[in-house]
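Novice: sequence unknown, structure follows:
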């Protein structure tokens, strides 16, 4: 049979992106960052999710690097984070001289194992970085309590977690990214809301905002100057060119305006996958995503976990032979070529299990039901061979 190719990801355009880019170029009179569309996006995110403040960045990586500067990370400081994450989570702190202390993942889903954090805290620990993998919340009540008890900062790497929530023990629903002292988001083309490359730094502790703006503006008090707060601006702190061009922000604003439509469709796709594959989980063939009682699904990705690396390798090849592009995901950072000789901790068996066994299935707005059902059928065929 001549199958149609099913790609892993396809960026979705709402239809307004070119219009807003044209408007930025021809009407607004500013193409560099921190203009009309940058401010529209920042205000949108603050209004919708209750973030105390928000700065767009050129990437989530840059937002994380701003975090490390804001926390005044120095050589010798220790930062706790999961090993099962993207390299940017660690790189931002390595660049400031920190010692990375890797924590294992949970057995039931790939977020940081909250119960392992306490044993990793020393008198040199400065921050805990949590990663809301697949948009599924970490237990933020537990993590914030540990941080308060030990006077530590909490950073939410919410790269995958736009429009996802944590339900606190008192029943209050809090948007992910609104809980830690600082948080970061990604608008890379593989995310739910995109601008090609792009990100955001969320500042929930107001004591950081003035300095964050300076770091964002290349270490200058330029923004204060344009607001008339100072009579000239100059170099006052560390910084870099972290803010995106107005063209990027204009593209992003078109996406944000349609966030509810995008989110509803992605969650429909996620649910169709889950319902179609749950019989295989009931038979013990594979594991499907587990949504914690305090979290929710934001439709960022659909993953499954195979029994071992051989089964995963076979499944990926079987899907590829049927012209379906599925992929594995992170490789444990503590075993990476860069870090393996520096790692001094224990085995992180759950992180390694996800590195060896997790499969991500195609997930994008325009993925048709017919294609989803074909993917499900091919996976069922593989497990009945």
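Specialist: Done, it's in. Everything numeric in this text was worked out from a predicted model, so none of it was measured. Numbering: from 1, shown residues only.
Novice: from here on, just use CA atoms for contacts and neighbour counts.
Specialist: OK.
Novice: contacting residues around the longest helix seen in the chain?
Specialist: What stands out as the longest helix in the chain, according to DSSP state H, is helix 259-282. Helix 259-282 is touched from outside by 163, 192-193, 286-288, 297-302, 363-365, 367, 369, 372-373, 376, 380, with contacts defined as CA atoms under 8 Å, 6 or more residues apart in numbering.
Novice: buried ones in that helix?
Specialist: By neighbour count on 16 or more other CA atoms under 10 Å, the buried set for helix 259-282 is 259, 262-263, 265-267, 269-270, 273-274, 276-277, 280.
Novice: cool, stretch 218-235 as well?
Specialist: 218-224.
Novice: after the longest helix of the chain, next one along is what?
Specialist: Per DSSP states H and E, the first helix or strand lying C-terminal to helix 259-282 is strand 302-305.
Novice: what mean pLDDT would you report for that following strand?
Specialist: Here strand 302-305 scores 98 as its mean pLDDT.
Novice: and stretch 205-217, by the same measure?
Specialist: Mean predicted confidence for stretch 205-217 is 94.
Novice: who touches it?
Specialist: 52-53, 55, 66, 70, 181-182, 203, 220-223, 236-243.
Novice: one more pass at 6 Å, please.
Specialist: 181, 220-221, 238-239, 242 (CA atoms under 6 Å, 6 or more residues apart in numbering).
Novice: between the residues you listed, which sits nearest residue 24?
Specialist: Distance ranking of the contacts of stretch 205-217 against residue 24, using CA to CA, places residue 242 first at 19.5 Å.
Novice: part of a helix, is residue 93?
Specialist: Yes - Residue 93: assigned to a helix according to DSSP: H, G, I helix; E, B strand; the rest coil.
Novice: what's near enough to touch it?
Specialist: residue 68.
Novice: what pLDDT is listed against it?
Specialist: 98.
Novice: give me the distance between it and residue 11.
Specialist: Taking CA to CA, to the nearest Å as the measure, residue 93 falls 30 Å from residue 11.
Novice: do the same with residue 107
Specialist: 32 Å.
Novice: the two: who's more crowded?
Specialist: Between residue 107 and residue 11, residue 11 has the larger neighbour count (other CA atoms under 10 Å), namely 17 against 14.
Novice: what is the end-to-end distance of stretch 185-193?
Specialist: 10 Å.
Novice: switch the contacts of stretch 205-217 over to TSV; also include distance to residue 170, secondary structure and pLDDT.
Specialist: As requested, these are exported to TSV (distance: CA to CA, whole Å; DSSP: H, G, I helix; E, B strand; the rest coil; pLDDT from 0 to 100):
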residue	distance to residue 170	secondary structure	pLDDT
181	20	coil	98
220	42	strand	87
221	41	coil	81
238	40	coil	88
239	39	coil	91
242	37	coil	95
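Novice: which one among those residues gets closest to residue 345?
Specialist: residue 181 (26.9 Å).
Novice: check contacts around the closest one.
Specialist: 154, 204-205.
Novice: in stretch 369-378, what counts as buried?
Specialist: Going by 16+ other CA under 10 Å, stretch 369-378 has these buried residues: 372, 374-376, 378.
Novice: ok, residue 47 - how many residues close by?
Specialist: By other CA under 10 Å, neighbour count at residue 47 equals 12.
Novice: can you tell me the helix or strand for it?
Specialist: helix 36-49.
Novice: with residue 51 instead?
Specialist: Using DSSP H and E, no helix or strand contains residue 51.
Novice: show the pLDDT at it.
Specialist: At residue 51, pLDDT is 97.
Novice: now it: how far from residue 351?
Specialist: 31 Å.
Novice: more neighbours, the two?
Specialist: For residue 51 versus residue 351, neighbours defined as other CA under 10 Å are more numerous around residue 351 (28 against 22).
Novice: wait, doesn't that one sit right on residue 103?
Specialist: No - with contacts counted by CA atoms under 6 Å, residue 351 stays clear of residue 103, the gap being 8.6 Å.
Novice: of the buried residues of stretch 369-378, closest to residue 3?
Specialist: Taking the buried residues of stretch 369-378 together and measuring to residue 3 by CA to CA, the closest member is residue 374, at 9.8 Å.
Novice: just the pLDDT at residue 230, thanks.
Specialist: 73.
Novice: could you pull out the strands for the protein?
Specialist: 53-57, 78-82, 99-103, 125-131, 153-157, 165-167, 173-175, 182-186, 199-203, 302-305, 358-361 (DSSP state E).
Novice: could you check the angle strand 153-157 makes with the second one?
Specialist: If I follow you right, that is strand 78-82. Interaxial angle, strand 78-82 versus strand 153-157 (axes from the mean of the first three to the mean of the last three CA atoms, to 10 degrees): 40 degrees.
Novice: pick out the residue nearest the middle of this structure.
Specialist: In the chain, the centroid-proximal residue (CA atoms, centre = their mean) is residue 159; its distance is 1.5 Å.
Novice: looks like that residue contacts residue 183 (just checking).
Specialist: No - using CA under 6 Å as the test, residue 159 is too far from residue 183 to be in contact (8.9 Å).
Novice: from residue 71, how far off is residue 236?
Specialist: Taking CA to CA, one finds residue 236 at 17 Å from residue 71.
Novice: ok, now residue 287?
Specialist: Distance from residue 287 to residue 71, by CA to CA: 38 Å.
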